[in-house]
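1. The following block contains a protein sequence and its predicted model.
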Amino acid sequence: MTKQVVEAFNPQRNASSRTTPLQVGNGNFAFGVDVTGLQTFTPFATLSSWGWHNFSLPTAANQTSIDDFTGLDYWTHGHLVNYEIQNPAETNISNWLVNNPQRINLGTIGFWFKNSVINESTLSQKTQFLDLWTGKISSSFALNGSTVNVTTWCDPDSDTLAIQIHSSLLSAGELGIFFDYPYPDISKFDSPSVGVFNAVAKHDTKLSTRDGAAVIQHNIDNTTYFNSITWNGDGQVIGPLPDTHRYILGFADGVTQAQLTAKFSASLMVGGRDYYSIANASTTWWKSYWQDGAFIDLTGSSSSKAKELQRRTILSQYLLAINEAPNNNSPQESGLTNNGWYGKFHLEMTLWHLLHWGRWNRWTMLWRSIPKMYNLFLPSSYQRARRQGYDGARWGKMSDPTGRSTPGDINALLIWQQPHPMYFAELEYRSFPNTTTLQKWNAILEASADFMASYAFYNHSTKVYDLGPPMYPVSENTNENATINPAFEIAYWRFGLDVAITWKERLNEKVPTSWTTVRDNLAPLPTVDSTFAVYEGIPDMWGNNTTVEDHPAMTGIYGLLPPPRSGPALDMTCVRNTAEKVLRLWNWDNLYGWDWPLLAMNQLRLGNVNQAVAYLLDPAFSFDDAGYPESNRVPTPYFPGASAFMLAMAMMAGGWDDEVGPHFPEEWIVKVEGFSPAL
């Protein structure tokens, strides 16, 4: 990707957004700023992949330990199976497991004004510029005739900010920098800020100082972390201010320029890079990021649609590198911008969050977390399957960093996350077809497939293996006790078992008989009037408003998924009819962000490039001025929309098996490089 193409889409602002900051970060840590270049007026969050907090366990009798949670038993094919669902007799511990842990806002850093009545409207000449090529935010404003220039960076290798300030107001004592520390809030969604600043008595901070440096230790119940601050010149940190956990860094007369670093860490860490070293490291990392991997250049096209797709592609790459590239775990849906679902992540979303890294040939970004997360979660997933009477490992849904699943009926009964490891593994093998790849994934795929074969229930009446009930399909909006053989899950089950069987064959290992037996006798894809149905036997498929909303997963059978390797050939009449029905009858007001790329990939495989573009640019699938994927159902941003968008763009650029090469409107001028065909 050329510097000119990237920098053409550098975001510029003259006022703070009420919902989205500009950000610096490294995938494990992110700092969101308002128009001042810090968090002065809008307390955007400082989030990490490691900063978590648990509130105290409940004290109600027999509900004082995680082990006291017993879940609920559901009738499943003639016997009781225990699921991780809230038990009305265990409300306290059930709710505690839902609410805990929470991802914590590590702290807020902003400008302190001697005149406390100053707000954003008081400032004049406000300008802000994000340099995507280097990861630098440059901000400028004027106060009382004096200019303040701010530069903000993040270290790519540690959770450290580097900030430079030029202003005569520093010397006059009119301007300082504050550091403030919030208390976690039990909110399912925290946006745009995270935590509360008015619960001062519930947590504790401690300050230690030396020349040019300070450490603030933040203690929240049993969670402790550190903010290590360094600066040049004659300055001092004081505080906390009365009835707060706010500290002020001020400077002596004569200081008109200050460089500081602020490192956040779970354990005390002294030393590290100075301001200039971080600036250089950021510049080097981002330049390498843009020059590595695949790229798409649509800037030669005159079409406004091409320009908007290019803008989203560039800005998404920046934001995903900051918000969607953590070590060991999957990202949460709002990345490191704010908190959704208490800051937890969802394993069914892992494919949307992370698969694009491989499709864009940025494997090192994917390898930060995949397959590490699956290896980390194997023990708890084996335990979950055993407790329910199944073989193998059953992957959870809404999870904390240890692999503990959050109680809930949808969380416990969703299954489409189960074949995800097969998709990741097969994609990696196509790029790295060697024994190392095969061995890396073998245990994960074996555990996944063992559960898939064990979960499928042999129906003696129909002589096929059924999926469910009880279960929820991708759309999560059906009766769990009536949902059986949902179309996408049946197709994905076959895909996953096909990959697992092929994997064993590549290793010259014996294929378990149960895998082939279930695969070869899976229930057929359910249909209604030559269209695919959400699930088998669904009443009034295309006439009931509740069945034509939320995720149109049936379109993923031929789009996200390739045609099946085994079993009956895909009925292309059903594929086309389903796509047409969805286009004509679906409730577009009730979609999540990744639904639009899902639909676009279906249209691409069907040869309808213009409709694919129309889906990706639908007004309901919007990206703001800084590239954040907006949401009409949960707080913005909703990053699975951006990462799925990148997956669809990769399919446009690289094609797929038997249809290799770019698939853009014929009149567009397109340059692509580095893409392999999709599966």
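-> Perfect, I can see it now.

2. centre of the chain versus stretch 269-283, how much separation?
-> Offset of stretch 269-283 from its chain centre (Cα atoms, centre = their mean, to the nearest Å): 27 Å.

3. Same check on stretch 403-416?
-> 18 Å.

4. just stretch 44-55 next, same as before
-> The answer for stretch 44-55 is 15 Å, by Cα atoms, centre = their mean.

5. end-to-end on that stretch?
-> 23 Å (Cα to Cα, to the nearest Å).

6. what comes up buried for that stretch?
-> For stretch 44-55, the neighbour count (16 or more other Cβ atoms under 10 Å) marks Phe44, Ala45, Thr46, Leu47, Ser48, Ser49, Trp50, Gly51, Trp52, His53, Asn54 as buried. Any C-beta I mention is one placed from the backbone N, CA and C, and that applies to glycine too.

7. didn't the fifth one look like it was pressed against Asn26?
-> No. Using Cβ atoms under 8 Å, Ser48 is not in contact with Asn26; the gap is 9.8 Å.

8. Now do the shared contacts for the two.
-> Residues touching both Ser48 and Asn26 by Cβ atoms under 8 Å, 6 or more residues apart in numbering: Asp159.

9. so which strand or helix has Asn610?
-> Assigned by DSSP states H and E, Asn610 belongs to helix 609-616.

10. buried sites along that helix?
-> Using 16+ other Cβ under 10 Å as the test for burial, helix 609-616 gives Val609, Gln611, Ala612, Val613, Ala614, Tyr615, Leu616.

11. what's that helix packed up against?
-> On a contact count with 3 or more Cβ pairs under 8 Å, 6 or more residues apart in numbering; DSSP states H and E, helix 609-616 meets helix 304-323, helix 595-605, helix 639-654.

12. Throw those into CSV and include mean pLDDT and distance to Thr205, thanks.
-> Listed next are the helices and strands packed on helix 609-616 as CSV, based on pLDDT from 0 to 100; distance: least, Cβ to Cβ, whole Å:
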stretch, mean pLDDT, distance to Thr205
helix 304-323, 99, 27
helix 595-605, 99, 44
helix 639-654, 99, 31
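
13. do you know how far Gly37 is from Gln23?
-> 12 Å (Cβ to Cβ, to the nearest Å).

14. same check, this time on Gly358
-> Taking Cβ to Cβ, one finds Gly358 at 24 Å from Gln23.

15. Which one of the two is surrounded by more residues?
-> Gln23 (26 against 22; other Cβ atoms under 10 Å).

16. residues touching the more buried one, list them.
-> Applying Cβ under 8 Å, 6+ apart, we find Gln23 in contact with Ala30, Phe31, Gly32, Val33, Leu319, Ile322, Asn323, Leu336, Thr337.

17. can you redo these as a markdown table with distance to Lys206?
-> Formatted as a markdown table, the contacts of Gln23 follow (distance: Cβ to Cβ, whole Å):
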| residue | distance to Lys206 |
| --- | --- |
| Ala30 | 25 |
| Phe31 | 23 |
| Gly32 | 26 |
| Val33 | 27 |
| Leu319 | 35 |
| Ile322 | 30 |
| Asn323 | 31 |
| Leu336 | 26 |
| Thr337 | 29 |
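
18. In TSV, list those along with distance to Ile669 and neighbour count.
-> Compiled in TSV, the contacts of Gln23 are given as follows (distance: Cβ to Cβ, whole Å; neighbours: other Cβ atoms under 10 Å):
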residue	distance to Ile669	neighbour count
Ala30	35	24
Phe31	38	33
Gly32	36	26
Val33	36	27
Leu319	26	27
Ile322	30	22
Asn323	31	26
Leu336	36	31
Thr337	34	28
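
19. Tell me the one among the residues you listed nearest to Ser187.
-> Ser187 has its nearest neighbour among the contacts of Gln23 in Thr337, at 15.1 Å by Cβ to Cβ.

20. residues in contact with that closest one?
-> Neighbour list for Thr337: Thr20, Pro21, Gln23, Ala30, Gly32, Phe44, Ala45, Leu47, Pro192, Asn323, Tyr628, Pro637 [criterion: Cβ under 8 Å, 6+ apart].

21. just Asp190 next, same as before
-> Contact partners of Asp190, counting by Cβ under 8 Å, 6+ apart, are Ala45, Asn105, Asn338, Asn339.

22. change it to 6 Å
-> By Cβ atoms under 6 Å, 6 or more residues apart in numbering, the contact set of Asp190 is Asn338, Asn339.

23. next one: Arg359
-> By Cβ under 6 Å, 6+ apart, the contact set of Arg359 is Leu647, Ala650.

24. Leu57 too?
-> By Cβ under 6 Å, 6+ apart, the neighbours of Leu57 are Thr64.

25. what's the burial count for Lys202?
-> Residues lying near Lys202 (other Cβ under 10 Å) number 11.

26. typo on my end, Ala252
-> Ala252, neighbours per other Cβ under 10 Å, totals 12.

27. With adjacent residues omitted, what lies nearest to it?
-> Asp234 (3.9 Å; Cβ to Cβ, 6 or more residues apart in numbering).

28. got it, and Gly537?
-> Spatial nearest neighbour of Gly537, chain neighbours left out: Ile484 (6.8 Å); criterion: Cβ to Cβ, 6+ apart.

29. cool, Arg246 as well?
-> Arg246 sits nearest to Asp180 (Cβ to Cβ, 6+ apart), 4.3 Å away.

30. Bridging across strands, which residues link to the one you found?
-> With DSSP bridges as the criterion, Asp180 is bridged to Thr108, Arg246.

31. Next one: it relative to Asn105, how far apart?
-> Relative to Asn105, Asp180 is positioned 10 Å away (Cβ to Cβ).

32. quick one, which of those two is more surrounded?
-> Taking other Cβ under 10 Å, Asp180 and Asn105 do not tie; Asn105 has more neighbours (29 against 23).

33. Are we agreed that the more buried one is in a strand?
-> No. Counting by DSSP: H, G, I helix; E, B strand; the rest coil, Asn105 is not part of a strand but coil.

34. What score does it have for pLDDT?
-> Asn105 is assigned a predicted lDDT (pLDDT) of 98.

35. Buried residues, the host helix or strand of Ala262. List them.
-> Ala262 belongs to strand 257-265 when assigned by DSSP H and E. By 16+ other Cβ under 10 Å, the buried positions in strand 257-265 come out as Ala258, Gln259, Leu260, Thr261, Ala262, Lys263, Phe264, Ser265.

36. Looks like the second one contacts Asn232 (just checking).
-> This means Gln259. Yes. Gln259 lies in contact with Asn232 (Cβ atoms under 6 Å); the separation is 5.0 Å.

37. Out of the contacts of Thr337, show me where the pLDDT dips lowest.
-> Among the contacts of Thr337, Pro192 has the lowest pLDDT, at 88.

38. Could you grab the helix/strand/coil label for it?
-> Assignment for Pro192 (three-state DSSP): coil.

39. Quick check: Tyr181 touching Leu106?
-> No. Between Tyr181 and Leu106 no contact is recorded; they are 7.9 Å apart, counting by Cβ under 6 Å.

40. Leaving out the residues flanking it, which one is nearest to Phe645?
-> Phe645's closest residue in space is Pro597 (Cβ to Cβ, 6+ apart), at 5.1 Å.

41. burial measure for that neighbour, as a count.
-> Pro597, neighbours per other Cβ under 10 Å, totals 28.

42. mind listing what it touches?
-> Ala644, Phe645, Ala648.

43. Find the residue closest to Gly25 in space, skipping its chain neighbours.
-> Gly25's closest residue in space is Ile322 (Cβ to Cβ, 6+ apart), at 3.6 Å.

44. do the same with Val150
-> Nearest residue to Val150, sequence neighbours excluded (Cβ to Cβ, 6+ apart): Gly37, at 3.4 Å.

45. Tell me who's in contact with the one you found.
-> Contact analysis of Gly37 by Cβ under 6 Å, 6+ apart lists Ile137, Ser139, Val150, Thr152.
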